[in-house]
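Visitor: Model the structure of this input:
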Amino acid sequence: MSCRVSLSVIRLALPRNPTLVAKPVSPTLRASRLLVRFNSLSSVSTLFSMPERRPFVRLPTDVYPVNYGLRLKPDLIDFTFEGKLEAAVEVTQGTNQIVMNCADIDIITASFVPEGGEEINATGFNYQNEDEKVTLCFPSILQKGSGSLKIDFVGELNDKMKGFYRSKYTTPSGENHYAAVTQFEATDARRAFPCWDEPAIKATFDITLIVPKDRIALSNMNVVDRKPYPEDHSLVEVKFATTPIMSSYLVAFVIGEYDFVESQSSDGVTVRVYTPVGKAEQGKFALEVATKTLPFYKDYFSVPYPLPKIDLIAIADFAAGAMENWGLVTYRETALLIDPKNSCASSRQWVALVVGHELAHQWFGNLVTMEWWTHLWLNEGFASWIEYLCVDHCFPEYDIWTQFVSADYTRALDLDALDNSHPIEVDVGHPSEVDEIFDAISYSKGASVIRMLHNYIGDEDFRKGMNAYLLKFQHKNASTEDLWECLEQASGKPIAAVMNSWTKQMGFPIIVVDQEQHGSDRVLKISQKKFCASGPRNDENCPSWMVPISICTSEGPSCTKMKVLLDQPETTVNVTNIAPDHWIKINPGTVGFYRIQYSSAMLESLLPGIRDLTLLPVDRLGLQNDLFSLLHKQADMQEEKNRIERVLGAIPAPDLIQRVLNFALSVRKYTHTLTVENRSDCGIF
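Guide: Predicted structure coming up:
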């Protein structure tokens, strides 16, 4: 799912990030990504405050589904729906009850038919409303083996924008009409039909919708039959092909009035973009993105897209930015539609990123699904990284990685330096906790550490590991550790140990670097400490990280000359064949998730690279961000801070960074004697 309010606030203001060097993107655009996804999130000032956890027990495993045969008949006037479920199930041990998820649904009748046996009618339905469960009670033991569970039920097309709900839209003639649409992640499929609504309980789905004949009906798969409904000639019965085995939260259906544009990807997948009536032209850019994106992912993962079609549809009332339902991706209109005459470049970039994000999930999330919501960060962090890789491939003119640094990466560093941050990976018990923890840390920091991991492993081994992971767990469930194992086997590097230090503890290090010239070699003294936005702390047990560190020089500013893994508090690195007048920079490309504090001599040596622009834009941006994060702690005088901030918009970037460097050098010399006595193992100095 996309959580995109800037392309920092649009990600956080709208919720699956400031001025860009090449092409500016509104800060509010990025922040919307997270606000759209999680409208329930409180302000950033209360980044992570978990309430007391509710007791939670997952569904029993004595009965599980193999296939859902689901028929739904929505009423777009009274906003209700009728449903019939005939599920093929497997009973693993004898029981006289079946426990399922169910919310806001009234069950009319239920029965169980064992294979080759007599039908057994349920004698009662025990609703546990707080836990959103129902227990179907039977008068005799359901014996081990296969059977069929039949349930008739009714429900409401609610106005909550979750489950099976109604979406209001205005027709070209100005009339108000309603569509019936779905949003099931994380746990709202149970509002559309009784089901085993946990990601690890996968099954296939045969879906039939009974809808007005003048409406379009869509679901995950392609239509295999459409015929008049015998009981009402104003309705049609639309039957869809059987889905692959999948989790309930990825099921989707839409009934409404839409136009569409259609194309085929180079590998033969039918792609359609559905738009409000009269706005088909506004779906053409997303169609272009999707038809380019599918072949990219097929090639990158070396796994073909497993469905015959994919639909992308703009929904009028939609709480999230987008949702990756397998084969039927739903979007809020602003995340999919582009008016070719009135849309700016940042809007196109935004749509390209959201489409890239959701289509990545068709493999990473849908084909292979997390075992439980604890691992959702990996789904979203991975998609939030690879969307940029995809857009960079399809639209290299966007200079999209510079935007990533100015949006996701920088925002994540700022938030993760706070005392009320949280680890990327947090154990989730009750599913209601999901929305409370998946924020900019889970998305933007998650994407940043995946990007660092990709750089550490190298693209070739990373792709090998991803392919092994997808093939091993396709149509199954996996945990974060399963991915680390596959990447470790492909690369021969200690992936689990490295990544656990980044995902299971909050915060990040500041890398302190000094240098000495020894003949033709440069000796770097590198150490790590925890970076704290609140200033130095006196914690007894400070965390440390396994930090992949890359090094470049003025001879090749865009190339990594050397890589080291800092797996201890400090180390010494010898860089050979470096002339005394050449500069060295840590973290080329601003890929590593850490701040850097250079010695005064190293800062001064970087000035020529800033003046002649040989230091790349993304590295100048990263250097500027690091300097300001340090200045705000080292310069106690608010007047000086304000003076520096005022020049931001007044001078070109190279000159600005040079002035910031000069100021940093002067402040450092002045404050050295004031701060040296207050240094601590957990401080920033």
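
Visitor: what about the chain, any weak spots by pLDDT?
Guide: 2-54, 437-438, 536-540, 632-685 (pLDDT under 70).

Visitor: how about 80 then?
Guide: For the chain, applying pLDDT under 80 flags the ranges 1-55, 431-439, 534-541, 630-685.

Visitor: Got the domain ranges for it?
Guide: 56-256, 397-504, 508-662 (the TED database).

Visitor: now the strands for the stretch 451-600 of the chain?
Guide: 476-478, 509-518, 521-530, 547-553, 562-566, 570-575, 584-586, 595-598 (DSSP state E, counting those that start in this stretch).

Visitor: neighbouring strands for the second one, and are they parallel or not?
Guide: The reference is to strand 509-518. Strand 509-518 sits in its sheet next to strand 521-530 (antiparallel), strand 595-598 (parallel), going by DSSP bridges.

Visitor: right, and the strands of the stretch 451-600 of the chain - which one's nearest residue 619?
Guide: Taking Cβ to Cβ, strand 584-586 is the member of those nearest to residue 619, at 6.5 Å. (Glycine included, C-beta is placed from N, CA and C.)

Visitor: which residues sit against that closest one?
Guide: Strand 584-586 is touched from outside by 511, 513, 515, 522, 524, 526, 549-554, 557, 575, 578, 592, 596, 598, 602, 605-606, 609, 615, 619, 623, with contacts defined as Cβ atoms under 8 Å, 6 or more residues apart in numbering.

Visitor: contacting residues for the closest residue to residue 120 other than its chain neighbours?
Guide: Excluding the flanking residues, the one nearest residue 120 by Cβ to Cβ, 6 or more residues apart in numbering is residue 112, at 4.9 Å. Residue 112 makes contact with 98, 119, 120, 122, 136, 138, 142, 147, 148, 149, 150, according to Cβ under 8 Å, 6+ apart.

Visitor: Among those, name the ones in helices.
Guide: Within the contacts of residue 112, no residue falls in helices by DSSP state H.

Visitor: what about burial for those residues, which qualify?
Guide: Buried by 16 or more other Cβ atoms under 10 Å: 98, 120, 122, 136, 138, 142, 147, 148, 149, 150, out of those.

Visitor: what about the fourth one, distance to residue 321?
Guide: Counting by Cβ to Cβ, to the nearest Å, the gap between residue 136 and residue 321 amounts to 37 Å.

Visitor: just the last one next, same as before
Guide: As judged by Cβ to Cβ, residue 150 and residue 321 stand 38 Å apart.

Visitor: repeat for the fifth one
Guide: For residue 138, the distance to residue 321 (Cβ to Cβ) stands at 43 Å.

Visitor: do the same with residue 98
Guide: Residue 98 is 36 Å from residue 321, by Cβ to Cβ.

Visitor: can you confirm residue 618 is in a strand?
Guide: No - going by DSSP: H, G, I helix; E, B strand; the rest coil, the assignment for residue 618 is helix, not a strand.

Visitor: could you list every residue that touches residue 95?
Guide: 62, 63, 141, 142 are the contacts of residue 95 under Cβ under 8 Å, 6+ apart.

Visitor: If I follow the layout properly, the last one ends up in contact with residue 63?
Guide: Yes - under the criterion of Cβ atoms under 8 Å, residue 142 makes contact with residue 63 at 7.3 Å.

Visitor: Residue 113: which element?
Guide: In the assignment (DSSP states H and E), residue 113 maps to strand 105-114.

Visitor: before we move on, what about residue 164?
Guide: Using DSSP H and E, residue 164 falls in strand 163-170.

Visitor: just residue 386 next, same as before
Guide: Applying DSSP H and E, one finds residue 386 within helix 376-394.

Visitor: Can you list the residue ranges for helices in the stretch 201-350 of the chain?
Guide: 284-301, 345-361 (DSSP state H, counting those that start in this stretch).

Visitor: Turn these into TSV, including distance to residue 211.
Guide: Output for these, formatted as TSV (distance: least, Cβ to Cβ, whole Å):
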stretch	distance to residue 211
helix 284-301	25
helix 345-361	25
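
Visitor: do you know which of those helices lies nearest residue 208?
Guide: helix 345-361 (25.7 Å).

Visitor: How many neighbouring residues does residue 186 have?
Guide: Number of residues near residue 186 (other Cβ atoms under 10 Å) recorded here: 20.

Visitor: mind checking how far the closest residue to it other than its chain neighbours is from residue 593?
Guide: Among residues not flanking residue 186 along the chain, residue 434 sits closest, at 4.8 Å (Cβ to Cβ, 6+ apart). Distance of residue 434 to residue 593, given as Cβ to Cβ: 24 Å.

Visitor: Which one's more surrounded, the two?
Guide: residue 593 (24 against 18).

Visitor: In this structure that one contacts residue 449, no?
Guide: Yes - counting by Cβ under 8 Å, residue 449 is a contact partner of residue 593 at 5.5 Å.

Visitor: can you pull the buried residues of stretch 157-177?
Guide: So for stretch 157-177, counting by 16+ other Cβ under 10 Å, buried means 157, 161, 162, 163, 164, 165, 166, 167, 169, 177.

Visitor: likewise stretch 389-407?
Guide: 389-392, 394-395, 398-407.

Visitor: swap in stretch 526-542?
Guide: With the criterion 16+ other Cβ under 10 Å, stretch 526-542 contains buried residues 526, 527, 528, 529, 530, 531, 532, 533, 536, 542.

Visitor: That stretch: end-to-end distance?
Guide: In stretch 526-542, first residue to last residue: 17 Å (Cα to Cα, to the nearest Å).

Visitor: For that stretch, what is the distance to the chain centroid?
Guide: Here the centre of stretch 526-542 is set off from its chain's centre by 29 Å, with Cα atoms, centre = their mean, to the nearest Å.

Visitor: And stretch 369-389, by the same measure?
Guide: Using Cα atoms, centre = their mean, the offset of stretch 369-389 from its chain centre is 5 Å.

Visitor: And residue 419, its phi and psi?
Guide: Main-chain torsions, residue 419, degrees, to the nearest 10: phi -70, psi -20.

Visitor: where's the closest residue to it other than its chain neighbours relative to residue 504, distance?
Guide: Spatial nearest neighbour of residue 419, excluding adjacent residues (Cβ to Cβ, 6+ apart): residue 534 at 5.6 Å. Separation of residue 534 from residue 504 (Cβ to Cβ): 22 Å.
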